[in-house]
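*Asks:* got a predicted model here, sequence first, then my questions.
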2 protein chains.
Amino acid sequence: MVTHLQRDLTKLRQNILSMGGLVEAAVRDATEALVRREAELARRVINSDQNIDQMELQIDEECLKVLALHQPVAGDLRFITAIMKINNDLERIADLAKNIAQRALDLFALPALDEPLQFERMTETCRGMLRDALDALVERDSSAARLVVPRDDIVDEINRAHFELLERRMKRDPSAVEASLLCLSASRNLERIADLATNIAEDVVFMVDAIDIRHWPLSRPHQYDAI
Amino acid sequence: MVTHLQRDLTKLRQNILSMGGLVEAAVRDATEALVRREAELARRVINSDQNIDQMELQIDEECLKVLALHQPVAGDLRFITAIMKINNDLERIADLAKNIAQRALDLFALPALDEPLQFERMTETCRGMLRDALDALVERDSSAARLVVPRDDIVDEINRAHFELLERRMKRDPSAVEASLLCLSASRNLERIADLATNIAEDVVFMVDAIDIRHWPLSRPHQYDAI
C-alpha cells in the first residue's frame, strides 16, 4: 500500500525534477545566447527566472508541510532536508544563468572578442553534472552522485584558462577591457554553477549513505573561483 | 519546566551564534588584511575556514537529530529549518572571506593601486547586516530582520562604484590590470556576503512571521553582482 507520506515524497521528487529541468534549460539557453549573440534568447532566460523563484518557494513550503504532517525519520527525513538544500541550490543556479544572460546582452553592444573561449564545453560539463546529480537523486544512487564531484575540476580548469587568456588580452589591448570583463564574469558564473551542482551531488550522497562528504578533502583549492 | 526540545533548541541557537561570531571575525580580518596589507592575518583567515566547515557539519547533524528525536511542528520546525539554511549561508560567507584573504595575498606581490576604494565601509555594512540578522534570530525579532534587507543596496552601490572606477583604471593603465582584477574580485565577494546576510535576515522573517519575503519584489536588480 502506498502511504500518504510516500505519495507526498513522490510529488516532491517530481517537483524538484521539474525545477531541475527548467534550471538546466536556463543554463543551456544563457550560454547559447552568449555564444550565438541571441538577444531574444537572453531575455527569455532573464524572464524565466521568476517562475523558478516561485517554484523554489512552493517546494520549500511543501517540504515543511511534509515534515510537519508526517514527521518522517531516517532516510525519509534526509530525503526532505536534501530536497530543501537542492531546491535552494537550483534557485541559485538559475540566478547565475540569469546573470550570464545579462552579461550576454551587455556583450552584444561590443565587438566580438575573437578569443578561443570554451563556453560551450564548460556549459556541457555543468549541465551533465546537474543532470547526473538529479538522476542520482531520483535513483537514490550514491555511486553515480560521487562521480559528479570530480568533474568540477574540468570546469575550474577551463575557468582558470579563461582568466589567464583574458587577463593577457586586457593588458595588451585596453579597448578589449569591457568585453573581457563581461566574458570573465560569464565564465565565473559557470564555474559557480559547477560548484552548486557539486553541492547537489554531495547532498544526494548524504541522503543515500548518511555520510557527509562536504569539505572532503577539507579544503579543495579554488584559486580562481572568486575572480 | 524546560523540555528536552527547548534545551536542544537553546543549544542550537548558541552554536549558530558561535559560528556567526567566527564568520563575522573572518570577514573583518580578511578586509583588514587586504587594506593594511597584512599577510599573516590573511593566512589566519584562510586557516580558520576549516573550523567553520567543521561547525557547519556539526550544526547540520544536530538539526537532523532534533528533527528526528522531537518531531517539532510550527514555530519550532521553522526555527530548525531556518538554522539549517543560515548555517549553510554562514559557511558560504566564510568561504567568501577566505577568497578575499587569498586575493589579499596575491595583491601584496603587486604595487598598491592607490584608488579611493571603500573596502572598510563595505565591510562595516556587511558585518552590521550579519550581526543584526543573527541578533534578530536570537530575539525572534522580524522587524529588526526586515531592516537588514534594504542595507544590501549600500553594498551594491559601493561595488558598482568600484567596478566603474577599476574598469576605467584598467583601460588607461594596462600595468594595473592584475591588481584591479584582484580588487574587483574582493569587492564582488563582499557584495555576495551582503546578499547572504540578506538571505539570513529573510530566513529570520520567515521563521518568526511564517511569511516568505524572498524574491520580493520578485526581481531585485543586481546589475553588477556578477562582475
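*Replies:* That came in fine, so what should we check first?

*Asks:* do whichever helix or strand residue A:33 is part of and chain B meet at all?
*Replies:* Assessed by DSSP states H and E, residue A:33 sits inside helix A:4-36. No: remark: helix A:4-36 sits outside contact range of chain B, by C-beta under 8 Å from any C-beta of the partner chain, the gap being at least 11.3 Å. Where C-beta positions appear, they are placed from N, C-alpha and C, glycine not excepted.

*Asks:* elements contacting that helix?
*Replies:* If you count contacts as 3 or more C-beta pairs under 8 Å, 6 or more residues apart in numbering or on different chains; DSSP states H and E, helix A:4-36 packs onto helix A:39-70, helix A:74-108, helix A:119-139, helix A:177-209.

*Asks:* may I see these arranged in CSV, with mean pLDDT and distance to residue B:125 as well?
*Replies:* Listed next are the helices and strands packed on helix A:4-36 as CSV, based on pLDDT from 0 to 100; distance: least, C-beta to C-beta, whole Å:
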stretch, mean pLDDT, distance to residue B:125
helix A:39-70, 96, 25
helix A:74-108, 96, 22
helix A:119-139, 96, 32
helix A:177-209, 97, 23
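
*Asks:* winner for burial among these?
*Replies:* helix A:177-209 (a mean of 24; mean count of other C-beta atoms under 10 Å in any protein chain shown).

*Asks:* centre of the chain to it, how far?
*Replies:* 6 Å (C-alpha atoms, centre = their mean, to the nearest Å).

*Asks:* quick one: buried residues of the helix holding residue A:33?
*Replies:* Applying a neighbour-count criterion of 16 or more other C-beta atoms under 10 Å in any protein chain shown, one finds A:8-9, A:12-13, A:15-16, A:19-20, A:22-34 buried in helix A:4-36.

*Asks:* go on, stretch A:148-168?
*Replies:* A:148-149, A:151-152, A:154-156, A:158-163, A:165-166.

*Asks:* and which of those is nearest to chain B?
*Replies:* residue A:163 (8.3 Å; C-beta to the nearest C-beta).

*Asks:* quick one: pLDDT of that closest one?
*Replies:* Predicted confidence (pLDDT) for residue A:163: 97.

*Asks:* any idea which element it lies in?
*Replies:* Applying DSSP H and E, one finds residue A:163 within helix A:152-172.

*Asks:* got the contact list for that helix?
*Replies:* A:113, A:115-118, A:121-122, A:125-126, A:129, A:176-177, A:180-181, A:183-184, A:187-188, A:190-191, A:193-195, A:197-198, A:220, A:222-225, A:227, B:170, B:174-175, B:177-178, B:181 (C-beta atoms under 8 Å, 6 or more residues apart in numbering or on different chains).

*Asks:* could you redo the last one with a cut-off of 6 Å?
*Replies:* A:115, A:117-118, A:122, A:125, A:176-177, A:180, A:183-184, A:187, A:191, A:194, A:198, A:224, A:227, B:174, B:177 (C-beta atoms under 6 Å, 6 or more residues apart in numbering or on different chains).

*Asks:* equivalent analysis for stretch A:181-190, please.
*Replies:* A:34, A:96, A:99-100, A:103, A:106-107, A:122, A:126, A:159, A:162, A:166, B:226-227.

*Asks:* CA atoms only: put that stretch into CSV for me.
*Replies:* The C-alpha coordinates for stretch A:181-190 follow below in CSV (Å, rounded to 0.1, in the frame of the first residue of the first chain):
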residue,chain,number,x,y,z
LEU,A,181,35.4,41.6,-18.0
LEU,A,182,31.9,40.5,-19.2
CYS,A,183,33.3,37.2,-20.5
LEU,A,184,35.2,36.7,-17.3
SER,A,185,32.0,37.2,-15.4
ALA,A,186,30.1,34.7,-17.5
SER,A,187,32.9,32.2,-17.1
ARG,A,188,33.0,32.6,-13.3
ASN,A,189,29.2,32.2,-13.2
LEU,A,190,29.5,28.9,-14.9
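
*Asks:* among the contacts of stretch A:181-190, which pair sits farthest apart?
*Replies:* Taking every pair in those and measuring C-beta to C-beta, the maximum separation is 21.1 Å, between A:106 and A:126.

*Asks:* which of the contacts of stretch A:181-190 lies closest to residue B:59?
*Replies:* The closest of these, once distances to residue B:59 are taken by C-beta to C-beta, is residue A:96, at 26.0 Å.

*Asks:* now do the contacts for the closest residue to residue A:189 other than its chain neighbours.
*Replies:* Using C-beta to C-beta, 6 or more residues apart in numbering or on different chains and skipping residues adjacent in sequence, the residue nearest residue A:189 is residue A:96, 4.4 Å away. For residue A:96, the contact set (C-beta under 6 Å, 6+ apart) comprises A:189, A:192-193.

*Asks:* mind putting those residues in CSV, distance to residue B:143 included?
*Replies:* Converted to CSV, the contacts of residue A:96 look like this (distance: C-beta to C-beta, whole Å):
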residue, distance to residue B:143
A:189, 35
A:192, 33
A:193, 36
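
*Asks:* looking at those, which is nearest chain B?
*Replies:* residue A:189 (5.7 Å).

*Asks:* tell me how far that closest one lies from residue A:101.
*Replies:* According to C-beta to C-beta, to the nearest Å, residue A:189 stands 10 Å off from residue A:101.

*Asks:* up against chain B, what does chain A have?
*Replies:* A:50, A:53, A:57, A:68, A:71, A:73, A:77, A:99, A:170-171, A:174, A:177, A:185, A:189, A:212, A:215, A:218, A:226-227 (C-beta under 6 Å from any C-beta of the partner chain).

*Asks:* at 7 Å what do you get?
*Replies:* With C-beta under 7 Å from any C-beta of the partner chain as the criterion, chain A meets chain B at residues A:49-50, A:53, A:57, A:64, A:67-68, A:71, A:73, A:77, A:81, A:84, A:99, A:103, A:167, A:170-171, A:174, A:177-178, A:181, A:185, A:189, A:212, A:214-215, A:218-219, A:226-227.

*Asks:* and residue A:220, what's its pLDDT?
*Replies:* pLDDT, read off for residue A:220, is 43.

*Asks:* with adjacent residues omitted, what lies nearest to residue A:98?
*Replies:* Computed as C-beta to C-beta, 6+ apart, the closest residue to residue A:98 that is not its neighbour in sequence is residue A:49, at 4.6 Å.

*Asks:* isn't residue A:66 up against residue A:77?
*Replies:* No: between residue A:66 and residue A:77 there is no contact under C-beta atoms under 7 Å: 9.9 Å.
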